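Visitor: how would this look folded up:
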Amino acid sequence: MYIHRTIQQIAFAQQMDMGGFPIRQPLPSRLISMLDPFLLLHHAILEVPQENDPKHSGVGPHPHRGFSPVSFIYRGGVHHRDSRGNDNVVYAGGTQWMNAGMGVIHSERPPADIHEKGGVQELVQLWINSPAKNKMDQPVYFPLTAEKTPVVVSDDQKTSIQVISGELNGIKGPIPALSPVNMFNVRIRKGGSYFIPFSRSHNAFIYVIDGQLQVGNAEEIEAFYMAAFNTDGDGIELNALEDSVVLVGTGEPLKEPVVSHGPFVMNNETQIMEAFRDYQLGKMGVLIES
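Guide: Take a look at the predicted model:
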């Protein structure tokens, strides 16, 4: 018999400005500072005005080192380009996963056909820390479309779960994380119920994109809230009070020092200074957008 995890903390994703873009951020926050190996979660709903050229919208070239920035796309799409020559568009239901490693410069723009797709980008970007031994690996980029993402469907057809990384009920996600991590996108219709099992040693969270649900027999959680769980059970049960969309993440804690500054996440201050130096010297490459 499975033991249900209890909730440690619930945090509202406060709206804030990030470089001119309105985003919601429940992690880090006053209530949840870090959930090793998960460092940051941004939920963005961005309108691209008809008069705006997609090439000059979105987030322009910027560097990363030492972690995996992962984008889960719910509406519209994201055009990823980077200094390693990757150039790819992923639309709603897909995922863009990049292990930044020793350093890469990338941009995240709306696709050229964003206005045909409704003119709105909705995505969550999650930062997943890399183990110290992998922080200076060569960067790797994984685009994953909705069509190529395996899905687990409940017997009553009310719940469908995209398995992006890790494993659920024998179904493995196609993206290889650098440490034991499960990432699931859950769509569950009103009245649906599903128990998601995972390792007892993992830290875990849910973030509600849309709808309202109850976790086990405990708290009710609605859109724009994150719940972090205690490590006291075998998994979590989601009970949908409304049609809901939920991002679920679980991961083995790295238990390593974390020092971050801007776009770099390393293990000590010296490594952060080296990251800025290497970026300024062009060692992370150059991204010229055509």
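Visitor: What is the neighbour count of residue 242?
Guide: 14 (other CB atoms under 10 Å). Where you see a C-beta, it was placed from the backbone N, CA and C, and this is true even at glycine.
Visitor: What is the burial count for residue 289?
Guide: 12.
Visitor: Same check on residue 112?
Guide: By other CB under 10 Å, neighbour count at residue 112 equals 13.
Visitor: repeat for the one 10 residues further on
Guide: Residue 122: 18 surrounding residues under other CB under 10 Å.
Visitor: Grab the nearest non-local neighbour of it.
Guide: Using CB to CB, 6 or more residues apart in numbering and skipping the chain neighbours, the partner closest in space to residue 122 is residue 75 (3.8 Å).
Visitor: okay, the one you found: pLDDT?
Guide: Listed pLDDT for residue 75 reads 98.
Visitor: What of residue 247?
Guide: Confidence score, pLDDT, at residue 247: 98.
Visitor: got a list of what the residue nearest to residue 122 touches?
Guide: Residues in contact with residue 75, defined by CB atoms under 8 Å, 6 or more residues apart in numbering, are 45, 92, 117, 118, 120, 121, 122, 123.
Visitor: quick one: which of those is most hemmed in?
Guide: residue 121 (28 neighbours).
Visitor: For the host helix or strand of that residue, give the mean pLDDT please.
Guide: Assigned by DSSP states H and E, residue 121 belongs to strand 120-129. Summarised as a single mean, pLDDT over strand 120-129 is 98.
Visitor: Neighbouring strands of that strand in the sheet, and parallel or not?
Guide: Strand pairing for strand 120-129, using DSSP bridges, gives strand 38-47 (antiparallel), strand 67-75 (antiparallel).
Visitor: Mind listing what's buried along the longest one?
Guide: The one in question is strand 38-47. By neighbour count on 16 or more other CB atoms under 10 Å, the buried set for strand 38-47 is 38, 39, 40, 41, 42, 43, 44, 45, 46.
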